[in-house]
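K.L.:
Predicted structure and sequence below. I'll ask about it afterward.
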Amino acid sequence: MPEARTPAQIEADIVRRREQLAETLDEIGVRMHPQTIIGDARARVSSAIDHTAGRAVACVNRLITDVKDGLRHEDGAPRFERIAPVALVAAGVVGLLVVSVRRKR
């Protein structure tokens, strides 16, 4: 049979439970505060953007590496038959941009 508790023990338990409940309610209040919710949302969005940006950088690096590899022979010598058309297209694009900017002025 369990021991009988004294009124002082019961009162101490009630005080402890009230303190625990007050802490829990304070924690809920902090979690549900609009600024906390906004901060958490910002952190999630920032994390998602960082993750997406990291994937984009990796993809661009892979693309650049593939393009560089396509412009060289296995021994590292340049492939002029591939470089010349790329250079001509790049020069044409730059020329069109320059003409476009001059016309706007």
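P.N.:
Sure thing, it's come through.
K.L.:
from here on, contacts and neighbour counts on C-alpha atoms
P.N.:
Fine.
K.L.:
now the helices for this protein?
P.N.:
All helices of the chain, identified by DSSP state H, fall at 7-32, 34-70, 80-104.
K.L.:
buried stuff in the first one?
P.N.:
By neighbour count, with 16 or more other Cα atoms under 10 Å as the criterion, helix 7-32 contains no buried position.
K.L.:
tell me the contacts of the residue nearest in space to the middle of the chain?
P.N.:
Among the residues of the chain, Asp50 comes closest to the average C-alpha position under Cα atoms, centre = their mean, at 2.1 Å. Asp50 makes contact with no residue, according to Cα atoms under 8 Å, 6 or more residues apart in numbering.
K.L.:
so where's this structure uncertain?
P.N.:
In the predicted model, the chain carries pLDDT under 70 at residues 1.
K.L.:
If we use 90, what do you get?
P.N.:
Counting by pLDDT under 90, the ranges of the chain that qualify are 1-4, 67-80, 82-83, 86, 102-105.
K.L.:
doesn't Thr65 make contact with Arg72?
P.N.:
No: using Cα atoms under 8 Å, Arg72 is not in contact with Thr65, being 10.9 Å away.
K.L.:
Can you give me the distance of the residue nearest to the centre of the chain to Ala56?
P.N.:
If you measure Asp50 against Ala56 using Cα to Cα, to the nearest Å, the figure is 10 Å.
K.L.:
Asn61: how many residues sit nearby?
P.N.:
In terms of burial, Asn61 registers 12 neighbours under the definition other Cα atoms under 10 Å.
K.L.:
how far away is it from Gly70?
P.N.:
Applying Cα to Cα, one obtains 14 Å for the distance of Asn61 from Gly70.
K.L.:
Over to Ile83?
P.N.:
Distance check for Ile83 against Gly70: by Cα to Cα, it reads 9 Å.
K.L.:
now swap in Gln20 and tell me
P.N.:
Gln20 sits 67 Å away from Gly70 when distances are taken as Cα to Cα.
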